[in-house]
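>>> Okay, predicted coordinates and the sequence, questions at the end:
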Amino acid sequence: MRLNVIQLMSPLHGEEKVKESLAETYTLFNENFEVTYFDYGEINDKFANKSKDLTLVWIMTGGTEEKFKNIFDYLPKPVILLAEDINNSLAASLEIMSFVKEYKKEKVYLLYNDKDQVLNKIKRLSRITKTLSKVAISNIGSIGGPSLWLISSAVDYEKVKRYWGLNIVDITMEELYKALESSQGDYDGYFDKALKRVEPEERDLVNSHRVYNALKSLTEKYRLNALTLKCFDLLMKYGITGCPALSRLTDEGIIAGCEGDLPSTFSMYISYLLTGEIPFMANPSSVDVKKNTIIFAHCTVPTKAVKNYILRSHFESGMGVGIRGEFEKGRVTILKFGGGDLSKVSFAKGKIVDNPESEFRCRTQIEVYLEKDVEDFLSGTLGNHQVIIPGDHTESIKDLIAIKGLNVKL
């Protein structure tokens, strides 16, 4: 893990004396990161080419405010400051932080406190930096556009591009149909790991494999990192579900969302980059206020996200192939981005307590106990679909919110 550290100190303190007083921080850097140190005089217009990795401005002493002001324009944004509890570092850091926020109107993030907490925060911030850099060069395919019922999930491509750097590629259903009809190759047995197959017949699996091949060809053609499919159009035209294909693509690291839902697919993609965990996109289907639980359900799930699965038909139509997965019980984070530029976010942490099996909901079902009031959660959600991520990742999400200045929906 690489790290850039800009060292700012006042000459009044004496360089050797300052470095000796901060030996513990040097040890923390050198033992945990591949560090490149920069001095004040090295920060100029050429520095931008070296600052793709996480960059900290280390306020080593007081009396560094003017130096910071002089190099501000060359720093990556938002600015991340590291303060110490000696050498008047914290006081200088607070003055600098106020300057950035009030006079430069930029975001600034201040690191301080004990070394273990600082180390954990630096590691999270490094992952966030890599995530944002990856998002900024990514392509998400919108195949067929959003389903008609996603009336609050419209996305402004240009605003998303300006805010995240992300490129959204429109692909017509007709192009998918053409790729599907020319799809070659026999079913390769990918889903034979299922515990059992209930409704689907062999031809359903063959057809699902053809959808996978068609989507994979579009992924390669448009160099997609993620995609979302208007899958009900495919179902109504051919009687074929996209559920297995979307599951398999996500298993392979090509994040694939349902129903043409771009906000949910983006939520899945950024959560995957940020945490390394495979996400599950689902609808809130049932609420128990007394238990403070929500049942989330959908007809597809990445097979690598569950401990086992069976093959069923699609719930609403009874056609094709759906997947009923069983999740491990344990902590999860629920996440959703929204708004025209995807700058709004809602999140909560909880715990999977059960895997229900109702025949009156989509095939994969999880009951999640929330650590916040379930009614408050529902009142602040962004649209119908939610993204469930294994593990508690709320601290990383909070840091991402601070770095990007996201609008939190409570």
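Cool, the structure landed.

>>> my guess is Ile388 contacts Val368, does it?
Yes. With contacts counted by CB atoms under 8 Å, Ile388 reaches Val368, the gap being 7.2 Å. Every C-beta, even on glycine, is put in place using the N, C-alpha and C of the backbone.

>>> Where does pLDDT dip in the stretch 301-410 of the chain?
Counting by pLDDT under 70, the ranges of the stretch 301-410 of the chain that qualify are 410.

>>> Which of the helices or strands spans Leu283?
Actually, residue 283 is Asn rather than Leu. Assigned by DSSP states H and E, Asn283 belongs to strand 280-288.

>>> Direction included, what does that strand pair against?
Sheet pairing for strand 280-288, assigned by DSSP bridges, gives strand 293-298 (antiparallel), strand 386-390 (antiparallel).

>>> Could you pull out the helices in the chain for me?
Secondary structure of the chain, counting by DSSP state H: helices at 15-21, 23-32, 65-71, 89-102, 115-135, 157-164, 173-181, 202-222, 231-238, 243-251, 262-275, 374-379, 394-404.

>>> which helices and strands sit right next to the worst-scoring helix or strand of the chain on mean pLDDT?
When the helices and strands of the chain are scored by mean pLDDT, DSSP states H and E, strand 407-408 comes last with a mean of 88. Contacts defined by 3 or more CB pairs under 8 Å, 6 or more residues apart in numbering; DSSP states H and E place strand 407-408 against strand 344-354.

>>> If we use 6 Å, what do you get?
Other helices and strands packing on strand 407-408, by 3 or more CB pairs under 6 Å, 6 or more residues apart in numbering; DSSP states H and E, are absent; none qualifies.

>>> ok, and the closest non-adjacent residue to Leu125?
Leu54 (5.7 Å; CB to CB, 6 or more residues apart in numbering).

>>> Isn't Asn225 up against Ser138?
Yes. Asn225 is within contact range of Ser138, at 4.3 Å (criterion: CB atoms under 6 Å).

>>> Contacts only, for Ser10.
Taking CB atoms under 6 Å, 6 or more residues apart in numbering as the criterion, Ser10 is in contact with 61, 63-64.

>>> Check those against Asn207 and report the nearest one.
Nearest to Asn207, judged by CB to CB, of the contacts of Ser10 is Thr64 at 65.5 Å.

>>> how near is the nearest residue to the closest one once chain neighbours are set aside to Ser93?
Residue nearest to Thr64 in three dimensions, not counting chain neighbours: Leu8, with 4.2 Å by CB to CB, 6+ apart. Distance, Leu8 to Ser93, by CB to CB, to the nearest Å: 10 Å.

>>> Reformat the strands paired with strand 280-288 as JSON lines; add distance to Ser346 and mean neighbour count.
Output for the strands paired with strand 280-288, formatted as JSON lines (distance: least, CB to CB, whole Å; neighbours: other CB atoms under 10 Å):
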{"stretch": "strand 293-298", "distance to Ser346": "13", "mean neighbour count": "23"}
{"stretch": "strand 386-390", "distance to Ser346": "9", "mean neighbour count": "24"}
